[in-house]
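Undergrad: Prediction below, plus the sequence it came from.
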Amino acid sequence: MKVRCAILSAIVLFFGTAAFPQVFEVYGEYSYLRFNPTLSGLNNRSFNGAGGGATFYFAKYLGIKGEVMGYGSTTWTATFASPVTLPNGSTIPTGSYSSQGDMFTYLFGPVVKIPIPKVTPFGELLFGGSNTNGYTNLVKSINAGGGTISATGTQHPFTMALGGGIDISLSKRVAIRPIEIDYMLSRYSNPLTSTGNQNNFRYIGGIVFKF
């Protein structure tokens, strides 16, 4: 009886979902990312980049999204007014240290939309990872100035984006995405304090093609 009920429920769910038109969207986007490093003396970083992805709406309101974003190099600068000795014995001499760092993100998760005419609001919760060489390059700059910090390679920590935006239809197949705003959490462990959890801001805008 339980098996029969489960099969019947699956059939109802399938045909209930199939009753709605399934939509596949592909998009290209510009993205601005405000990265908040967990390091005293290192201000927020501004990244500009681009990317894209796709969303498959298997129901009227619900879809699955995958995206990748690449962000160009930005300057990382940290200033120390006096020498610093870290808990592990590593040292940072007095001075100002600069380096370059870029970033890449890859995220996947559910999307919920409200399919009203012309303007379509949506919300999303995406999970995945990212990487940046910003912390590593900064450590190399400090060590070149006399520091003794152990440099780590590029990290690939857990990353999450929570937010939403709107799409404005230009035709049946094309829409523009004037705004998408996300809170983005990343868990980079910086090599100076071994702390993580950066609370970042992300803006996205672009064009959407529907199939």
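TA: Thanks, I have it. Residues are numbered from 1 along each chain as shown.
Undergrad: Near the residue nearest to Pro157 when sequence neighbours are not counted, how many other residues are there?
TA: Setting aside the residues directly before and after it, Pro157 is nearest to Arg187 in space (CB to CB, 6 or more residues apart in numbering), at 4.2 Å. Any C-beta I mention is one placed from the backbone N, CA and C, and that applies to glycine too. The number of residues packed around Arg187, counting by other CB atoms under 10 Å, is 16.
Undergrad: cool, and Thr120?
TA: Tallying neighbours of Thr120 according to other CB under 10 Å, which is how burial is gauged here, yields 17.
Undergrad: just to revisit the earlier point, what does the residue nearest to Pro157 show for phi and psi?
TA: When quoted as degrees, to the nearest 10, the phi and psi of Arg187 stand at phi -120, psi 60.
Undergrad: Spit out the contact partners of it.
TA: Applying CB atoms under 8 Å, 6 or more residues apart in numbering, one finds that Arg187 lies in contact with 157-159, 196-198.
Undergrad: Tell me which of those residues fall in helices.
TA: Counting by DSSP state H, no part of the contacts of Arg187 is found in helices.
Undergrad: Quick one: buried ones out of those residues?
TA: In terms of neighbour count (16 or more other CB atoms under 10 Å), the buried residues within the contacts of Arg187 are 157, 159, 198.
Undergrad: circling back: need the contacts of Arg187 in TSV (columns: distance to Ser171 and pLDDT).
TA: Output for the contacts of Arg187, formatted as TSV (distance: CB to CB, whole Å; pLDDT from 0 to 100):
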residue	distance to Ser171	pLDDT
Pro157	40	91
Phe158	38	94
Thr159	34	97
Gly196	44	76
Asn197	43	86
Gln198	39	91
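Undergrad: which one of these sits closest to Gln22?
TA: The shortest distance between Gln22 and any of the contacts of Arg187, using CB to CB, involves Thr159 and amounts to 28.5 Å.
Undergrad: from what I can see that closest one touches Met184, true?
TA: Yes. If you go by CB atoms under 8 Å, Thr159 and Met184 touch, sitting 6.8 Å apart.
Undergrad: what residues are shared contacts of the two?
TA: The overlap between the contact sets of Thr159 and Met184 (CB under 8 Å, 6+ apart) consists of Thr105.
Undergrad: Counting neighbours, which bits of the helix or strand hosting Ser46 end up buried?
TA: With secondary structure defined by DSSP states H and E, Ser46 is part of strand 45-57. Using 16+ other CB under 10 Å as the test for burial, strand 45-57 gives 45, 47, 49, 51-55, 57.
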